[in-house]
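**Student:** Please find the sequence and the predicted model below.
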Amino acid sequence: MEVLFSLLVGVFFAAAIYLMLSKFLVRILLGVAILGNAVNLLLFTSGRILREVPPVIPAGLDRQVAVTANPLPQALILTAIVISFSFFAFLLVLSYRAFQDLGTDNANDMRVAEPVADSAPPTGY
Amino acid sequence: MAAPAGSAIDLSAALVLAPAPLADWLVILPVVWCLTSGAVLLMLRKNLHIQPLLAILALAVLVVLDGLLLWRVVDGGPLTMVMGRWLPPFGIAFTADLTGALFALFSALVALAGGVFAVQNIDGSGRRYGFYPFLLLLMAGVSGAFLTGDIFNLYVWFEVLLISSFGLLVLGSEPKQIDGAVKYAFLNLVATTLFLIAVGYLYGLFGTLNMADIAIKAAERRADLPLMTLATLFVLAFGMKAAAFPVNFWLPASYHTPRIVVSALFAGLLTKVGIYSLVRVMVMLFPVEREELSFVIAVAAAATMLLGALGAIGQSDIRRLLGYLVVSGIGVMLAGIAVGGPGVAGAIFYALHSMVVMTALYMASGVAGRLSGTFDLNGAGGLYGRAAYFSALSLILFLSVAGMPPFSGFWPKVMVAKAAIDIGAWWLAGSVLLTGFLTMIAVGRVWALAYWRPSAAPAGEGAGAGAGPGAAVVLPLSALVLVTVLVGLFPDPLLSQIQAAATLLADPSAYVDSVFPHGAR
C-alpha cells in the first residue's frame, strides 16, 4: 500500500511541478493546488497506511497489540490542509485581481513593478 | 498505562505537574501578547485615531517583554515551556535560548520603529484595511518563529507571518503592488511547501518534531539515516525564504512596491527569519551535514552578495536599489553559516545589524522620496540643502550598510571575513570585501546624486519642498541610527552575548537540558 501511495505522490509532484513551470497564472494555481495535496499525501504515507484500526490501548495493557497507523502525521495534515486551503483562496483572489488590473494572466507580461525599459542610473552630475 | 478505575494514576509520567514559574511565561508571552493585541486592534479598526496609539503601546510592551526575556535567558540559560503541560517531546515546546531571544528583541525594536513611522506613512484607508492588526499578527508569527522549540510549529509560524505579509503587501491595491504580490506570494508559498516536505521526511526519520529531541537523535543515529537529503531540502527551503541566489528573484520584484513602512518592516524581519531558521536547523540540528554542504552554501553566499551588490549599482530607483542591498546582506550571513565556527557568530551579528539598518534605510528612502518628489536618481537632488539633519542620518546608514567603521556593519563583516580566512577560504573573504566596495559605490552614488547634488528644481518648488520631515518620521529613524552607532562604537556587550549564543548553538546541551530536565527523555 505504501509503495502505491509513494508512486502516487511522485506523480502528483511531477504534475504539480510541470504545471508550475507554466507562465500562465491559472496553470500555476492548479500546480500549487496539486502540490499542496502531494505534500499532504506524503505526510499521510509517512505515518503508515492501514485499515481502520483505532490507536487505542486495550484495558489492562500498557502498549498496543495491533499495528496501527501513527495519528500524528494525520494531525499535521489537518493543519497543513487548513493552511494550504486559505493560501489557495488568497492566491485565487490575487490572480483574479492581477488579471483585472494588469489585463493579463501571462507572468512574462507582468512588468508593471519591473518595467522593461527602465532608465539607467545617471553616470555623472 | 490503563489503570483500574478508582486507583491513582501516576500523571507525572506524562505531564509536567509543577506549575510553571511566573517568569517562565515570558517564553510564550510575546506571541500571546501580539495575537491578543492584534485581535483587539482588528475589532477597533474603524477607530482610525485610536489605532496607532494602541498599536505603538502594544509594540512598546512587546519590546519590554522581549527585553525581559533576553535578560532572563542571559541570566539563567535557555527557558522552556510546554503546551498543555505534556512532557516533551510530546507537547509542543517553546524554548527561548540566547539566539532566539536576541532575534526576538531586535525584531520587536524594528517593529516598534515601524509602528511609529507608519503614523505618517499609512493613511486613513490603510488603517481601515487593517495595517496595524496585520503588523501585530506579523509580529506574532515572527516572535513565534524565533521562540518555538518544535519544527512543525516553526512551519506554522512561517505561515502566520506569510499570510500577514500578504495582507501588508497588497495594502493599497495599486497595479504595481498586485504585480509584485503575485511573484512574492507564489514563490514564498512554494518555499514554505518545500519546508513542509522536509518536516514530513524529518518526522518519518526521527519520529519526533521537538528540536532538542532531534538534536540528540541526529547525533546518535547519524550513520543509518539519510540526513544529507534532509539537510539539503532544508537549505533549499530556508535559502528561498532568506532570498539566497539563485532562488531570490521574488525579493527585488516585490519589495519596492508596497508602502515604504511595509518595505522597511519586510526588509528588517522576513528574510532574517529564514536566516534564523537556517542557523537553528543547520548549525544546531545538523552540524555534520552543514560541514558537508559548506562549499555549496559558500558558493551560493558569494553569488548572492556579489550579484546583490551589482544589482544595486544597476538601479535608478532608490527603493529597488535597497531591495538588492537586502539580498547582498543575506549573502554575508550565508557566508558566515557556510564557514561555521566563529562565522556563525558573525552571521547572527550581521542579521541583527541588517534588521536595524535595512529598516532604517527604507524609512530614509521614503523620506527622501517625499522630500524630492521622486524615487528616481535621475531626478532627485538637493536633499542636503533641504534637510541637513536627515541627510546626516542617511549618511550614517549608508556607511553602516557598506560596512564602514565605526558603525555596526563593520564588526560582523570583520568576523565573517576573518573566519573565512582562518579556514583558507580566501575567495569567500575576498567576496565579502569586494561586496563592501561595490555597496559603497551604490550607496555613495545615491548620496552624491540625491543628497549632495544641487536640486534641479529652483528652491521652493517641487512636491513636499519646504516641509521638513515630521517628528513621527525622524524619531524612529533617529532611534535606529542611534542603535547602529552605539553597537558600532561599543560592540562588546552585544558581541559577548552573540558569541555565547553561537557557542550554545554549536553545543546545544544547555538547550537540551532545558527541554529535558534531569536527563529525562
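**Tutor:** Arrived safely, thanks for sending. Numbers count the residues shown, from 1 in each chain, chains lettered A, B, ... in the order given.

**Student:** contacts for stretch B:432-441?
**Tutor:** B:305-306, B:308-310, B:312-313, B:325, B:328, B:331-332, B:335, B:401-404, B:413, B:416-417, B:420 (Cβ atoms under 8 Å, 6 or more residues apart in numbering or on different chains). Where you see a C-beta, it was placed from the backbone N, CA and C, and this is true even at glycine.

**Student:** and the longest helix seen in chain A, average pLDDT?
**Tutor:** Using DSSP state H to define each element, chain A has its longest helix at helix A:71-102. For helix A:71-102, mean pLDDT is 91.

**Student:** Quick one: list the elements packing against that helix.
**Tutor:** Counting by 3 or more Cβ pairs under 8 Å, 6 or more residues apart in numbering or on different chains; DSSP states H and E, the packing neighbours recorded for helix A:71-102 are helix A:25-46, helix B:151-169, helix B:175-206.

**Student:** want to try JSON lines for these, with mean pLDDT and mean neighbour count as columns?
**Tutor:** Shown next, in JSON lines, are the helices and strands packed on helix A:71-102 (pLDDT from 0 to 100; neighbours: other Cβ atoms under 10 Å in any protein chain shown):
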{"stretch": "helix A:25-46", "mean pLDDT": "93", "mean neighbour count": "20"}
{"stretch": "helix B:151-169", "mean pLDDT": "94", "mean neighbour count": "22"}
{"stretch": "helix B:175-206", "mean pLDDT": "92", "mean neighbour count": "22"}
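
**Student:** Mind putting the ones you listed into CSV with distance to residue B:290?
**Tutor:** Listed next are the helices and strands packed on helix A:71-102 as CSV, based on distance: least, Cβ to Cβ, whole Å:
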stretch, distance to residue B:290
helix A:25-46, 24
helix B:151-169, 16
helix B:175-206, 15
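
**Student:** which ones are touching residue B:303?
**Tutor:** In this structure, residue B:303 makes contact with B:245-246, B:331, judged by Cβ under 8 Å, 6+ apart.

**Student:** which of the residues you listed tops the neighbour count?
**Tutor:** Top of those by neighbour number is residue B:331, holding 27 neighbours under the definition other Cβ atoms under 10 Å in any protein chain shown.

**Student:** Quickly find the element holding that one.
**Tutor:** helix B:318-339 (DSSP states H and E).

**Student:** what packs against that helix?
**Tutor:** Against helix B:318-339 (3+ Cβ pairs under 8 Å, 6+ apart) you get helix B:227-242, helix B:250-254, helix B:260-278, helix B:287-313, helix B:342-372, helix B:410-422, helix B:426-446.

**Student:** One more pass at 6 Å, please.
**Tutor:** Helices and strands touching helix B:318-339, by 3 or more Cβ pairs under 6 Å, 6 or more residues apart in numbering or on different chains; DSSP states H and E, are helix B:250-254, helix B:260-278, helix B:287-313, helix B:342-372, helix B:410-422, helix B:426-446.

**Student:** May I see those helices organised as CSV, with mean pLDDT added?
**Tutor:** Below are those laid out as CSV (pLDDT from 0 to 100):
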stretch, mean pLDDT
helix B:250-254, 92
helix B:260-278, 94
helix B:287-313, 94
helix B:342-372, 93
helix B:410-422, 94
helix B:426-446, 94
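
**Student:** I'd like those as CSV, with distance to residue B:154 appended.
**Tutor:** Below are the helices and strands packed on helix B:318-339 laid out as CSV (distance: least, Cβ to Cβ, whole Å):
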stretch, distance to residue B:154
helix B:250-254, 20
helix B:260-278, 6
helix B:287-313, 18
helix B:342-372, 17
helix B:410-422, 24
helix B:426-446, 28
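
**Student:** Of those helices, which is nearest residue B:20?
**Tutor:** helix B:260-278 (25.0 Å; Cβ to Cβ).

**Student:** quick one: that closest one to chain centroid distance?
**Tutor:** 4 Å (Cα atoms, centre = their mean, to the nearest Å).

**Student:** number of nearby residues for the closest residue to residue B:454 other than its chain neighbours?
**Tutor:** Among residues not flanking residue B:454 along the chain, residue B:382 sits closest, at 5.6 Å (Cβ to Cβ, 6 or more residues apart in numbering or on different chains). By the measure other Cβ under 10 Å, the count of residues near residue B:382 is 20.

**Student:** Name all residues that make contact with the nearest residue to residue B:121 once chain neighbours are set aside.
**Tutor:** Nearest residue to residue B:121, sequence neighbours excluded (Cβ to Cβ, 6+ apart): residue B:261, at 4.3 Å. Applying Cβ atoms under 6 Å, 6 or more residues apart in numbering or on different chains to residue B:261 gives the contacts B:114, B:117-118, B:121.

**Student:** Can you lay out these as JSON lines showing distance to residue B:239?
**Tutor:** Below are the contacts of residue B:261 laid out as JSON lines (distance: Cβ to Cβ, whole Å):
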{"residue": "B:114", "distance to residue B:239": "26"}
{"residue": "B:117", "distance to residue B:239": "30"}
{"residue": "B:118", "distance to residue B:239": "30"}
{"residue": "B:121", "distance to residue B:239": "31"}
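
**Student:** Just the closest of those residues to chain A, please.
**Tutor:** Nearest to chain A among those, counting by Cβ to the nearest Cβ, is residue B:121 at 19.3 Å.

**Student:** So which bits of chain B are right by chain A?
**Tutor:** B:1-2, B:159, B:166, B:175-176, B:178-182, B:185, B:189, B:193, B:196-197, B:200, B:204, B:253, B:257, B:316, B:377-378, B:453 (Cβ under 6 Å from any Cβ of the partner chain).

**Student:** at 7 Å what do you get?
**Tutor:** Residues of chain B lying near chain A by Cβ under 7 Å from any Cβ of the partner chain: B:1-2, B:152, B:156, B:159, B:163, B:166, B:175-176, B:178-182, B:185-186, B:189, B:193, B:196-197, B:200, B:203-204, B:253-254, B:257, B:315-316, B:377-378, B:445, B:449, B:453.

**Student:** Figure out which of the helices and strands packed on helix B:318-339 is closest to residue A:67.
**Tutor:** helix B:287-313 (31.8 Å).

**Student:** So for the closest one, what gets flagged as buried?
**Tutor:** B:287, B:289-290, B:293-294, B:297-309, B:311-312 (16 or more other Cβ atoms under 10 Å in any protein chain shown).

**Student:** which ones are touching the most centrally placed residue in chain A?
**Tutor:** The centre of chain A sits closest to residue A:36, judged by Cα atoms, centre = their mean, with a distance of 1.8 Å. Applying Cβ atoms under 7 Å, 6 or more residues apart in numbering or on different chains to residue A:36 gives the contacts A:84, A:88, B:193.

**Student:** residues in contact with the second one?
**Tutor:** Put plainly, it is residue A:88. A:32-33, A:36.

**Student:** Just the endpoints, please. Distance across stretch B:274-283?
**Tutor:** Distance between the boundary residues of stretch B:274-283 (Cα to Cα, to the nearest Å) amounts to 13 Å.

**Student:** to the chain's geometric centre, what's the distance from that stretch?
**Tutor:** Using Cα atoms, centre = their mean, the offset of stretch B:274-283 from its chain centre is 11 Å.

**Student:** now do stretch B:54-69
**Tutor:** For stretch B:54-69, the distance to the chain centre is 17 Å (Cα atoms, centre = their mean).

**Student:** For residue A:66, see how far away residue B:279 is.
**Tutor:** With distances taken as Cβ to Cβ, to the nearest Å, residue B:279 is found 43 Å from residue A:66.

**Student:** For these two, work out which one has more neighbours and name it.
**Tutor:** The residue with more neighbours, out of residue B:279 and residue A:66, is residue B:279; 24 against 10, by other Cβ under 10 Å.

**Student:** Might one say that the more buried one is in contact with residue B:347?
**Tutor:** Yes: with contact defined as Cβ atoms under 7 Å, residue B:279 counts as touching residue B:347 (6.5 Å).

**Student:** any residues in contact with both of the two?
**Tutor:** Joint contacts of residue B:279 and residue B:347 (Cβ under 7 Å, 6+ apart) are residue B:337.

**Student:** tell me the contacts of the closest residue to residue B:139 other than its chain neighbours?
**Tutor:** Leaving aside its chain neighbours, residue B:139 sits nearest to residue B:34 (4.6 Å; criterion: Cβ to Cβ, 6+ apart). Neighbouring residues of residue B:34 by Cβ under 7 Å, 6+ apart: B:62, B:136-137, B:139-140, B:143.
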